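Colleague: Here's a sequence, model it:
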Amino acid sequence: MINPAAVGLTNGPSRALAGENVTPIIVTRTAVVELVEYILLDYLTSRKESATTPIRYNFSHFFPKSKLLSHLNVAFKDNITSHHIMSRPKPKITTPAASNGQYQHFVPQFLLKNFAHRVPRVFKRPKGSPKPKYEKGMFPGDLVINSLDLTQDAAVFTEKPVSRIFGQTNMYDDFTKPTGEQRHIEKLLSKLEAQAALIFTKITKAYAAKEGGIVLTRDELNLIRKFLFLMRYRSSGFYTRFCHDRPDAYSENDQEQFRKYMDEHPQFKTPMQVWLHNIETIINLDMDPDMKWVDELPEKMYHDDAMWFVGHIQGSYMALCVPSEAENEFILTDNSYSVYEGPSTYGRNGKSNKEECLSYFELHTFAPVSPKIMVVLRSTVLPEPHEDQNPEAKAYRDIIRAVFLDQYGPFDSMLADLPVHKAGNSYSTIVDGRLVFQEGFDGRRTRDHKFRFPFFSLGSRHVNTINSIFFINCVRCTSFVFNSKQAFTRTLEWYLTTPPLQLGKILVGEDREASLKALKKLEAVSQSLGSKKAALWIMPPEADASFLDDYELLGGSLETIEKDSDQVVRMLALRIKIDSWSKGVDEGIRQRNRDLLVDAYLRLPSRRFWLYIQSQRKMIMEHEGTDLFNSQMGWPRMPERAVVEAKDLIKPDRLNRLMYIAFKTDTKFRQQAPLKVWTDFTPTVSLLTVTEFIGDCGIKEIEDRARLTDVLANTIAVDDLLTRAMAADVTIPNIDPNWTSHLKPFNRLERIELHMRITCRKVFAIIMERERIKHQLSRQVIEDLEKVLFTLVYPTPPPPFP
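Modeller: As a prediction, this is how the structure comes out:
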């Protein structure tokens, strides 16, 4: 089994985002990335007419831990936002007695209050009625939140006090310190929250006053970005990651780097101390305008997490989004501040032997502020309408995007058309649609620079898509928080009933069963709210987890996977470019060009051609919305795999062609389904032509039998009524007329070919038995090969044969 984690890239820090066992990766910088960074810096610092401020970019945190399947994974759909969410282990650090416990929020109360309402006051109670009893935090006048509780087998709508949701007891306490210092981090977080609350209050008031946006100073902007990063880093998922009482208990995929760091810093006795120290370091960080902090921060805390923070600041920009329709609202979950939208790749981890996310790239992350305001952090690799007016700036952005996203193959962000742009600033302006610096600007950053953030109006589709990203990632969430039940009902139904491929509702990985359970739980909620629509999703069979084995079976290895993957990207790009370049040309010529390209690709090593086929299958799923995982077709799903499994029976020069025909016929049929395989589909695509002869199938035993049948069929003295019927348009007594009617569309040569196919199919299992035993193949392999050969590659009428 190929180890996907061993393709030559360095694993980075674990990112258990809100419990997700998914990893933003830091790797050693390659020459390509260094060159791109140099070019960008040179460009940004030298072109005065551009309003792009000279900044220090660090792209290393964007690299996936492995290129394996990053652009060709079919067994596991690029699940646009899905995470593996870890269960929270019992804390291994000694905690104080319950009487000394403090409930500490990982979602601050000042944000929760924006979703809250007050318990109604009862001014008069009927005389003689008993005094009502209230739970803690639920007294009249207390702030409570509408919540969908997911902790039970059946989700329940309830109200919860703001003071008792999205938090844990003693979450940030360090019990290795003296009593008076144990809550030092909680106090620092409270101070930061108070500062951030002032800025977010300005934002909510500006929106309520129907102002067009909000102006922030550089220091205010830096504080908000720092706060948003810590909303991820302080989450319950990171508590899980670091909650150990000894270094060797830390088991994330960066354990070697992390344990080395602890060895070099003996003042830290537990991983929890490292985490709390990192939080404190970021809180106290002075983000100076000259950006000296970028070099200083990795020297002050765990290096990998420091570089992640740098990437968070430099790799995205902030946009304030609001619904354009009054009835639409945003929702809030445990992990809203940790989930992302972007391409990801699933496969089997060679070390853990589990299906998990191997790599991903964040294009959008989110921070709910209120039911009406959502902060979206958008990756700087995506197009920016103002900066891209400068052709050179656009060209450089295209280079960066290619470096980081091309390895995932064709990918369309669900929010690619989000109507946002970077904030305006006090040192630049727009002239003729292009950003230019203000006269007198010397290129230096200062604390008094100001930034204007407009409120971007989002239509229903964008609002529902963002909410759906939260729904997708709810596997181990405890609650959904919302303002209006009507708005929640609409957005939930939209998520459940939108076609799976549009939202990435492809259930894969070790959490597939948990994801299915959560989805069904939400479906039951939607139906209880009056929906009559069924939920839609795709759950590929687990057998697909072994599809890398097929690559290895075809001769692939660790030494070939990276080169083959790179070549497949180029093959796909050439295929797309040829179609693009020939637009407007006669369709016959265009198809001839496609066929010539395929003929060239068929000469490549089978392992590489196999990867190319899988990439094409994924493209069809993503761009046409065709479900290529449905196994109810009468032949093996992904039929080219049946050819690979039987490769020892097939001549090497025919293997690629058999795989390709099986793949193309399978996908064409699924695109045109429902059709009857023989009576509707085969004549439609004209498969029974002289282009494919069973006598050239590449399987010696079948070729020999076909040639013998061909000789007999052309012999005048043949005494076989069926053969005569195949050679002439006649009706034979005692033979099903429906069966013989299948022959009418075909000429004499095609009928002889069809007769050879039928004859070979009748005896296929018998004549292949010796070879099956010789190559130690299972009978299932032979059965699957027979179905693929005689249903898709060399179609025959369905049995029973006359």
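Colleague: Only C-alpha atoms from now on, for both contacts and neighbour counts.
Modeller: Will do.
Colleague: Nearest residue to D566 in space, ignoring adjacent ones along the chain?
Modeller: Q407 (7.7 Å; Cα to Cα, 6 or more residues apart in numbering).
Colleague: Quickly note the distance from that neighbour to S484.
Modeller: Applying Cα to Cα, to the nearest Å, the value for Q407 to S484 is 42 Å.
Colleague: Give me the more crowded residue out of those two.
Modeller: Q407 (21 against 16; other Cα atoms under 10 Å).
Colleague: Just say helix, strand or coil for that one.
Modeller: Following DSSP: H, G, I helix; E, B strand; the rest coil, Q407 is assigned to helix.
Colleague: pLDDT score for it?
Modeller: Note on Q407: pLDDT of 75.
Colleague: Tell me who's in contact with A514.
Modeller: A514 makes contact with V475, according to Cα atoms under 8 Å, 6 or more residues apart in numbering.
Colleague: do D388 as well
Modeller: Applying Cα under 8 Å, 6+ apart to D388 gives the contacts K394.
Colleague: Could you measure from it over to E753?
Modeller: From D388 over to E753 the distance is 59 Å, taken as Cα to Cα.
Colleague: N114 too?
Modeller: The value you get for N114 to E753, if Cα to Cα is used, is 73 Å.
Colleague: neighbour count winner among those two?
Modeller: Between N114 and E753, E753 has the larger neighbour count (other Cα under 10 Å), namely 26 against 18.
Colleague: correct me, but the more buried one touches F693?
Modeller: Yes: assessed by Cα atoms under 8 Å, E753 is found in contact with F693 at 6.9 Å.
Colleague: The closest residue in space to L332 that isn't next to it in sequence pairs with what?
Modeller: Distances taken as Cα to Cα, 6+ apart place V481 nearest to L332, at 5.0 Å, with adjacent residues excluded. Counting by DSSP bridges, V481 is bridged to S147, L332.
Colleague: what's the burial count for V481?
Modeller: When neighbours are defined as other Cα under 10 Å, V481 has 26 of them.
Colleague: count of residues packed around D549?
Modeller: Look at D549: counted by other Cα under 10 Å, it has 16 neighbours.
Colleague: That one and W610, how far apart?
Modeller: Distance, D549 to W610, by Cα to Cα: 12 Å.
Colleague: What about the residue nearest to N170 when sequence neighbours are not counted? Give its phi and psi, please.
Modeller: Distance criterion Cα to Cα, 6+ apart; nearest residue to N170, sequence neighbours excluded, is Q102 at 5.4 Å. Main-chain torsions, Q102, degrees, to the nearest 10: phi -130, psi 130.
Colleague: For Q102, give me the pLDDT.
Modeller: 92.
Colleague: what's the distance between it and A116?
Modeller: Separation of Q102 from A116 (Cα to Cα) stands at 22 Å.
Colleague: So these two - more neighbours on which side?
Modeller: Shown here are Q102 and A116; by other Cα under 10 Å, A116 has more neighbours (23 against 15).
Colleague: Let me see the confidence value for that one.
Modeller: Reading off the model, A116 has pLDDT 96.
Colleague: And the spatially closest residue to it that is not a sequence neighbour, how close does it get to F115?
Modeller: Spatially, and ignoring its direct neighbours in sequence, A116 is nearest to I145 (4.6 Å; Cα to Cα, 6+ apart). Distance of I145 to F115, computed by Cα to Cα: 6 Å.
Colleague: Same check on D305?
Modeller: 31 Å.
Colleague: Now do the same contact list for T796.
Modeller: Going by Cα under 8 Å, 6+ apart, T796 touches W678, L754, R757, I758, F790.
Colleague: returning to what we had before: surely the residue nearest to N170 meets D173?
Modeller: No: contact criterion Cα under 8 Å: Q102 and D173 do not qualify, at 9.2 Å.
Colleague: got the contact list for the residue nearest to L332?
Modeller: By Cα under 8 Å, 6+ apart, V481 lies in contact with F115, I145, N146, S147, L148, I331, L332, T333.
Colleague: Tell me which two in the residues you listed are the farthest apart.
Modeller: F115 and L148 (13.3 Å; Cα to Cα).
Colleague: Identify the contacts common to I145 and F115.
Modeller: Shared contacts of I145 and F115, defined by Cα under 8 Å, 6+ apart, are found at V481, F482, N483.
Colleague: I'd like these laid out as a markdown table, including distance to I400 and pLDDT.
Modeller: Compiled in a markdown table, the shared contacts of I145 and F115 are given as follows (distance: Cα to Cα, whole Å; pLDDT from 0 to 100):
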| residue | distance to I400 | pLDDT |
| --- | --- | --- |
| V481 | 37 | 97 |
| F482 | 38 | 98 |
| N483 | 40 | 97 |
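Colleague: next one: stretch 481-496 to chain centre, how far?
Modeller: With Cα atoms, centre = their mean, to the nearest Å as the basis, stretch 481-496 stands 23 Å off its chain's centre.
Colleague: buried residues in it?
Modeller: For stretch 481-496, burial by neighbour count (16 or more other Cα atoms under 10 Å) applies to 481-484, 487-496.
Colleague: all strands of the stretch 201-350 of the chain, in order?
Modeller: For the stretch 201-350 of the chain, the strands defined by DSSP state E, counting those that start in this stretch occupy 213-217, 316-323, 332-333, 340-341, 344-348.
Colleague: which regions of the stretch 101-250 of the chain sit below the pLDDT cut-off?
Modeller: 123-125, 128 (pLDDT under 70).
Colleague: And the helices in it?
Modeller: Assigned by DSSP state H, counting those that start in this stretch, the stretch 101-250 of the chain shows helices spanning 109-112, 184-208, 218-233, 236-242.
Colleague: just checking, what packs against the longest one?
Modeller: Other elements packing on helix 184-208 under the criterion 3 or more Cα pairs under 8 Å, 6 or more residues apart in numbering; DSSP states H and E are strand 213-217, helix 218-233, helix 271-284.
Colleague: ok, and what's touching the first one?
Modeller: Read it as strand 213-217. Contacts of strand 213-217 (Cα under 8 Å, 6+ apart): 202-203, 206-207, 447-455.
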